[in-house]
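Enquirer: Please work out how this folds:
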Amino acid sequence: MNSISFGKTTITSYPEYFEIADNKKTNKLLYLSASFVFIAIYLFDLYQNDFDFGKVSHFKTISAVLWLVIFALQFWLINTESKIEKSKIKEVVVRKNRWASIVIHYGDKKRKIDGFSQDEAEQIIKFLMNNR
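Expert: Alright, predicted model coming up:
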């Protein structure tokens, strides 16, 4: 079992798969809980006004709908895969913007890992390719 760590991201190599631990799930859980709290506040305000939508401000209604959409999207996106089977990896590429992003193509899916310098991205790619 080998592993490599940079910042909050750790990639561990097991005999059949790579496990990627990063902060994506944590960030999504924070958004999920924030949207849940805002929707609860809106429903409580609606309850205080006897469920009369005319008494609740349009801003709160529109905000609650937007937070409900964010809630649904975060719930859908929270299942970021952390395990990638080695046999399904087709290619690993680096996208260069201000920071390097590593994109792992496996099967018909892809997994993106963000926030690395160019040197760190190259070390991670070497690690992934050498442990395949």
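Enquirer: element containing residue 34?
Expert: Element membership of residue 34, judged by DSSP states H and E, is helix 24-48.
Enquirer: tell me the mean pLDDT for that helix?
Expert: Confidence over helix 24-48 (mean pLDDT, whole number) is 72.
Enquirer: got any ranges where the chain has weak pLDDT?
Expert: With pLDDT under 70 as the threshold, the chain has low-confidence stretches at 22-28, 50-57, 59, 74-91, 93, 97-99, 115.
Enquirer: quick one: the strands in it?
Expert: Counting by DSSP state E, the chain has these strands, from start to end: 2-6, 9-13, 17-21, 83-85, 89-96, 100-106, 109-116.
Enquirer: Nearest to residue 125 among those would be which one?
Expert: The closest approach between residue 125 and any of the strands of the chain, judged by C-beta to C-beta, belongs to strand 89-96 at 5.3 Å. (C-beta placed from N, C-alpha, C; glycine too.)
Enquirer: circling back to that earlier point, between the strands of the chain, which gets nearest to residue 66?
Expert: Among the strands of the chain, the nearest to residue 66 by C-beta to C-beta is strand 109-116 (24.8 Å).
Enquirer: so how far is that closest one off the chain centroid?
Expert: Shown here is strand 109-116, whose average C-alpha point lies 10 Å from the average C-alpha point of the whole chain (C-alpha atoms, centre = their mean, to the nearest Å).
Enquirer: Report the backbone C-alpha coordinates of that strand in PDB.
Expert: The C-alpha atoms that make up strand 109-116 are tabulated as PDB, following Å, rounded to 0.1, in the frame of the first residue of the first chain:
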ATOM      1  CA  LYS A 109     -16.500   8.300 -16.200                       C
ATOM      2  CA  LYS A 110     -13.900  10.900 -15.200                       C
ATOM      3  CA  ARG A 111     -12.700  12.200 -11.800                       C
ATOM      4  CA  LYS A 112     -11.200  15.600 -11.400                       C
ATOM      5  CA  ILE A 113      -8.800  16.600  -8.600                       C
ATOM      6  CA  ASP A 114      -8.000  20.300  -8.300                       C
ATOM      7  CA  GLY A 115      -5.600  22.700  -6.700                       C
ATOM      8  CA  PHE A 116      -2.000  21.500  -7.500                       C
END
